[in-house]
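Q: Fold the following for me, if possible:
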Amino acid sequence: GKRSLRQKVVDELKHYYDGFHLLWIDTKVAARMVWRLLHGQVLTRRERRRLLRTCADLFRLVPFLVFVIVPFMEFLLPVFLKLFPEMLPSTFETESKKEEKQKKKLNAKLELAKFLRETIVEMAKRNKADTG
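A: Numbers count the residues shown, from 1 in each chain. You can find the predicted model right below:
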């Protein structure tokens with residue numbers, strides 16, 4: 001059914017709360033990783049990626065906070081998200097946006113694989129013609 005305006009507002013507030021909570025957890029974990037780096041330990045590739053993602057999220061948070069703090073500016077947020085889709089920190093993305101992004105990446109990889117396969121077939125034909 002159709003949700004009431006109150007329910008929509010409550011859902012958005014929960015979404016923002018969850019996003020900030022996840023960002024806080026990621027920041028604490030990243031701080032521990034930085035502490036380990038400063039003490040000479042080496043991070044795994046997974047930890048490095050998580051640290052980079054968290055740092056990027058913290059830098060993205062600054063313009064995002066402007067929308068949250070300035071009154072009535074949150075109404076412009078959808079416009080800015082359309083213009084700059086990577087503006088939101090990763091902890092604020094919805095599942096549908098994550099799936100859409102994964103589908104785009106997969107399609108790009110498939111197109112690249114198709115192109116490479118066609119190139120290899122073409123090169124094999126030329127080599128066969130040259131040697132034969």
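
Q: tell me which element residue 33 is part of?
A: Residue 33 is located in helix 5-38, with elements delineated by DSSP states H and E.

Q: and the next element down the chain from the worst-scoring helix or strand of the chain on mean pLDDT?
A: Among the helical and strand segments of the chain, the one scoring lowest on mean pLDDT, DSSP states H and E is helix 77-83, with a mean of 81. Toward the C-terminal end, the helix or strand that comes next after helix 77-83 (DSSP H and E) is helix 95-131.

Q: Show me which residues of that next one are buried.
A: Using 16 or more other Cβ atoms under 10 Å as the test for burial, helix 95-131 gives no buried residues. C-beta: built from backbone N, CA, C; applies to glycine.

Q: what is the rounded mean pLDDT of that helix?
A: The predicted model assigns helix 95-131 a mean pLDDT of 89.

Q: quick revisit: buried residues in the helix holding residue 33, which are they?
A: Of the residues in helix 5-38, those scored as buried under the neighbour-count criterion (16+ other Cβ under 10 Å) are 19, 23, 26-27, 30, 33.

Q: which of the residues you listed sit farthest apart?
A: Between any two of the buried residues of helix 5-38, the greatest separation by Cβ to Cβ is 20.8 Å, found for 19 and 33.

Q: out of the buried residues of helix 5-38, who's nearest residue 107?
A: Here the nearest of the buried residues of helix 5-38 to residue 107, counting by Cβ to Cβ, is residue 19; it sits at 27.1 Å.

Q: separation between that closest one and residue 93?
A: For residue 19, the distance to residue 93 (Cβ to Cβ, to the nearest Å) stands at 8 Å.

Q: Leaving out sequence neighbours, find the closest residue to residue 3.
A: Taking Cβ to Cβ, 6 or more residues apart in numbering, and ignoring the residues beside it in sequence, residue 3 has residue 11 as its nearest neighbour in space, at 7.5 Å.
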